[in-house]
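Novice: I would like the atomic coordinates for the input below:
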Amino acid sequence: VMTLSLLMYPALRSLALQLHSAVTGSYVSGTHSIAFINCLNEQIAKDIARGIMDKRLAAYVNILPKSSALYFWKGELEESTEILLLVKTRTSKIGELSNYVRSIHPFEIPEVISLPIDQGNPLYLKWIEENVPQD
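Specialist: I've put the predicted structure just below:
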């Protein structure tokens with residue numbers, strides 16, 4: 001019984017938080033995330049952003065202008081310019097988003113990293129929820 005209780009704790013806690021959120025209308029920290037995706041140029045960034053939106057993997061994608069980047073690749077220091085996508089979505093969609101980006105991105109190892117949203121404008125967070133279908 002003790003082992004079963006320990007194994008069930010994460011699921012029960014998540015369910016309790018969702019129930020609390022539904023009853024009180026409060027935001028559950030980490031329900032939504034911002035993903036960062038770097039692209040080689042603006043056209044690739046637009047194509048990837050359009051695909052993300054067409055697949056309803058996000059509610060909103062910012063395409064930020066060129067930035068300089070320094071990184072190690074195959075043991076060598078590289079320098080380039082890149083376009084950054086900021087993708088606002090449900091945390092539950094990050095895996096699907098990452099898989100999609102890896103399937104179409106021209107980089108051998110595309111950057112797809114995310115950070116959970118701790119707090120924010122409740123109306124905006126609700127809008128994300130309404131515009132990204134749940135799993």
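Novice: got the contact list for S114?
Specialist: Shown in contact with S114 (Cβ atoms under 8 Å, 6 or more residues apart in numbering): 33-36, 91, 94. For every residue, glycine as well, the C-beta is placed using N, CA and C.
Novice: switch to 7 Å and redo it
Specialist: 33-35, 94 (Cβ atoms under 7 Å, 6 or more residues apart in numbering).
Novice: which of those sit farthest apart?
Specialist: Greatest spacing in those, by Cβ to Cβ: I34 and I94 (10.0 Å).
Novice: please settle this for me: is F72 part of a strand?
Specialist: Yes - F72 forms part of a strand when assessed by DSSP: H, G, I helix; E, B strand; the rest coil.
Novice: excluding its backbone neighbours, what's nearest it?
Specialist: Spatial nearest neighbour of F72, chain neighbours left out: E78 (7.2 Å); criterion: Cβ to Cβ, 6 or more residues apart in numbering.
Novice: the one you found contacts S68, doesn't it?
Specialist: No - with contacts counted by Cβ atoms under 7 Å, E78 stays clear of S68, the gap being 11.2 Å.
Novice: the residue most central in space within the chain in helix, strand or coil?
Specialist: In the chain, the C-alpha nearest the mean C-alpha coordinate belongs to A35, at 3.5 Å (Cα atoms, centre = their mean). Classification of A35 by three-state DSSP places it in strand.
Novice: list the contacts of it.
Specialist: So A35 contacts 87, 89, 94, 97, 112-114 (Cβ under 7 Å, 6+ apart).
Novice: contacts for stretch 50-58, please.
Specialist: 61, 87-89, 93, 96-97, 100, 104, 132-133.
Novice: could I have the CA atoms of that stretch written out in PDB?
Specialist: This file holds the C-alpha atoms of stretch 50-58, laid out as PDB (Å, rounded to 0.1, in the frame of the first residue of the first chain):
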ATOM      1  CA  ARG A  50       3.700  28.600 -39.800                       C
ATOM      2  CA  GLY A  51       3.900  24.800 -39.500                       C
ATOM      3  CA  ILE A  52       3.700  25.100 -35.700                       C
ATOM      4  CA  MET A  53       0.600  27.200 -35.900                       C
ATOM      5  CA  ASP A  54      -1.000  25.000 -38.600                       C
ATOM      6  CA  LYS A  55      -0.600  22.000 -36.400                       C
ATOM      7  CA  ARG A  56      -2.100  24.000 -33.400                       C
ATOM      8  CA  LEU A  57       1.100  23.300 -31.400                       C
ATOM      9  CA  ALA A  58       1.100  26.800 -30.100                       C
END
